[in-house]
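In: Sequence first, predicted coordinates after that:
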Amino acid sequence: MAWKTLDDMDLNGKRVLVRVDINVPIVDGVVTDSTRIRRIAPTVRDILAAGGRPILLAHFGRPGGERRENLSLNQLVPTLERAFETKVLFAADCVGTEAELAAELLQPGEVLLLENTRFHALETKNDPDLAAGMARLGDVYCNDAFSAAHRAHSSTEALARLLPACAGRLMQAELEALESALGQPERPVTAVVGGAKVSTKLELLSNLIEKVDYLVIGGGMANTFLVAKGMGVGKSLAERIMKDTAAEIIKKAEGLGCQIILPTDIVVAETFKSHAPHQVLPADQCPEEGMILDAGPDSVARITEIFGQSKTVIWNGPLGAFELEPFDAATNAAALKAAAMTRAGQLTSVAGGGDTVAALNASGAAGDFSYISTAGGAFLEWMEGKTLPGVAALDQAG
Ligand code: 3PG
Ligand code: MG
């Protein structure tokens, strides 16, 4: 890893431009999950402790280059103040005279938050002039937004080339966790991939079969694999046009020594509802009116047995319709096994992706995982083996 960390930088008296991802969910002006904000607090704290003046740059939602009051970052100031336990000032633009003045007047111990970078249309074009305007506000650049590192934008990419640059604490933790899960993992490695569609995870599956020893496939996408193996899946969610692709993945995995684990038994209902009447059937016996909503107990036993043999688990996507009880059972049972093994020091467990984290939180297992990523799209792209522009820019700057 070629990038620098905060420890490599002289921060005393410096204005530190910190790119954070505080793209948190908000309902009626209330932050419903402040995880991303809490996770950047160590970076802010360490900069303050080193005598630096943190100036936060961030996007919020997708305003499409226009100023939109409902996407103003101003509304996050109270949540940030609680998380950082310090005063947070706000500038109504991320470049220009007002922002420059606010950055100049920032006092030791205070934090400055700049307005949504995506109010400028040039941000998402990775425009160097916009980045130059941002660079005028700081002496040092720190990227702590791993979850936005898959975007090559002015504040994540171009800016890293204009100032001495380093990774923040969260970026560092994310990259180290991913490296331990998929870069140089302790083997055997098991990947769990769930979610609705094979088509959105093709690149992921292709990359994983080259890297992992076991690949557990769950959720709606497992149905497509069952179809590829010639089984009927009734009214289940399945991408029948992807069946040849799924068959190819199975074949390629065999050649690479990666074992693909599909459900051997299934939980079937006729309606997509919580507590819908359901039955457990062998995987090849889904009735025509049936919908597969979860993996069955035999499948779970097989998955937990494979975890038992593994040293590393990397997880993206739930195993069933986890938002509907009791179709969260397979996800919960597998997650609790991974959590217990991690607690016992037998397993490194890393998970990421919006739905995944929601499912693991609901199972009560998340707290015991070795690492839970704050990233959705960036986590997926990293697992696909792609270079993330925000990380690559730091490497070069380092
Ligand atoms: C996210 O929440 O996925 C990140 O903040 C990136 O946002 P984006 O998908 O709108 O680029
Ligand atoms: Mg996204």
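Out: That came in fine, so what should we check first? Numbering: from 1, shown residues only. Ligands and ions are numbered 1, 2, ... in the order given.
In: Let me know the pLDDT of residue 397.
Out: pLDDT, residue 397: 66.
In: where does the closest residue to residue 121 other than its chain neighbours fall, helix, sheet strand or coil?
Out: The shortest distance from residue 121 to any non-neighbouring residue, by CB to CB, 6 or more residues apart in numbering, is to residue 65 (2.7 Å). C-beta here means a position set from N, CA and C on the backbone, and glycine is covered the same way. Using DSSP: H, G, I helix; E, B strand; the rest coil, the structure places residue 65 in coil.
In: Spit out the contact partners of residue 65.
Out: 118-124 (CB atoms under 8 Å, 6 or more residues apart in numbering).
In: Stretch 98-118: which residues count as buried?
Out: 99, 102-103, 106, 110-118 (16 or more other CB atoms under 10 Å).
In: Does it reach ligand 1?
Out: No. Using CB under 6 Å from any ligand atom, we find that stretch 98-118 stays clear of ligand 1, coming within 8.1 Å at best.
In: Also stretch 199-207?
Out: No. Remark: stretch 199-207 sits outside contact range of ligand 1, by CB under 6 Å from any ligand atom, the gap being at least 13.9 Å.
In: Pull out the buried residues from that stretch.
Out: Going by 16+ other CB under 10 Å, stretch 199-207 has these buried residues: 201-202, 204-207.
In: Repeat that for stretch 235-255.
Out: Quick answer for stretch 235-255 (16+ other CB under 10 Å): 235-239, 242-243, 245-247, 249-250, 253.
In: How about residues contacting it?
Out: 196-199, 202, 205-206, 209, 215, 220-221, 223-229, 259-260, 270, 286, 288-292.
In: Now do whichever residue of the chain sits closest to ligand 1 against residue 147, distance only.
Out: The chain approaches ligand 1 most closely through residue 23 (3.4 Å), counting by CB to the nearest ligand atom. Using CB to CB, to the nearest Å, residue 23 is found at 8 Å from residue 147.
In: next one: residue 179
Out: From residue 179 to residue 147 the distance is 17 Å (CB to CB).
In: Looking at the two, which has the bigger crowd around it?
Out: Set side by side, residue 179 and residue 147 show more neighbours around residue 147, with 26 against 14, by other CB atoms under 10 Å.
In: and that one, what does it touch?
Out: 21, 23, 36, 174, 373-379.
In: Which of those residues fall in strands?
Out: Among the contacts of residue 147, no member is found in strands (DSSP state E).
In: Between which two of those is the distance greatest?
Out: 23 and 174 (15.1 Å; CB to CB).
In: what does the model give residue 353 for pLDDT?
Out: Residue 353 is given a pLDDT of 89.
In: Spell out which residues of this structure are next to ligand 1.
Out: 21, 23, 62, 147-148, 151, 376-377.
In: Can you flag the buried ones in these?
Out: 21, 23, 147-148, 151, 376-377.
In: list the buried ones in stretch 334-345?
Out: 334-339, 341-342.
In: repeat for stretch 143-157
Out: For stretch 143-157, by 16+ other CB under 10 Å, it's 143-157.
In: Stretch 356-372 too?
Out: 356-357, 359-360, 362-363, 365-366, 368-372.
In: Next: stretch 51-69.
Out: 52-60, 63.
In: what distance separates it from the centre of its chain?
Out: Its chain's average C-alpha position is 20 Å from that of stretch 51-69, according to CA atoms, centre = their mean, to the nearest Å.
In: Please apply the same query to stretch 47-64.
Out: 19 Å.
In: Any idea how far apart the tips of that stretch sit?
Out: End-to-end distance for stretch 47-64, by CA to CA, to the nearest Å: 31 Å.
In: what is the mean pLDDT for it?
Out: Stretch 47-64 comes out at a mean pLDDT of 98.
In: Also stretch 233-251?
Out: 95.
In: what's the first-to-last distance across that stretch?
Out: 21 Å.
In: try stretch 226-240
Out: End-to-end for stretch 226-240, by CA to CA: 10 Å.
In: Next: stretch 228-247.
Out: Span of stretch 228-247 from end to end, CA to CA: 5 Å.
In: just to revisit the earlier point, please convert the buried residues of stretch 199-207 to CSV, extending it with pLDDT and secondary structure.
Out: Formatted as CSV, the buried residues of stretch 199-207 follow (pLDDT from 0 to 100; DSSP: H, G, I helix; E, B strand; the rest coil):
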residue, pLDDT, secondary structure
201, 91, helix
202, 87, helix
204, 94, helix
205, 95, helix
206, 93, helix
207, 95, helix
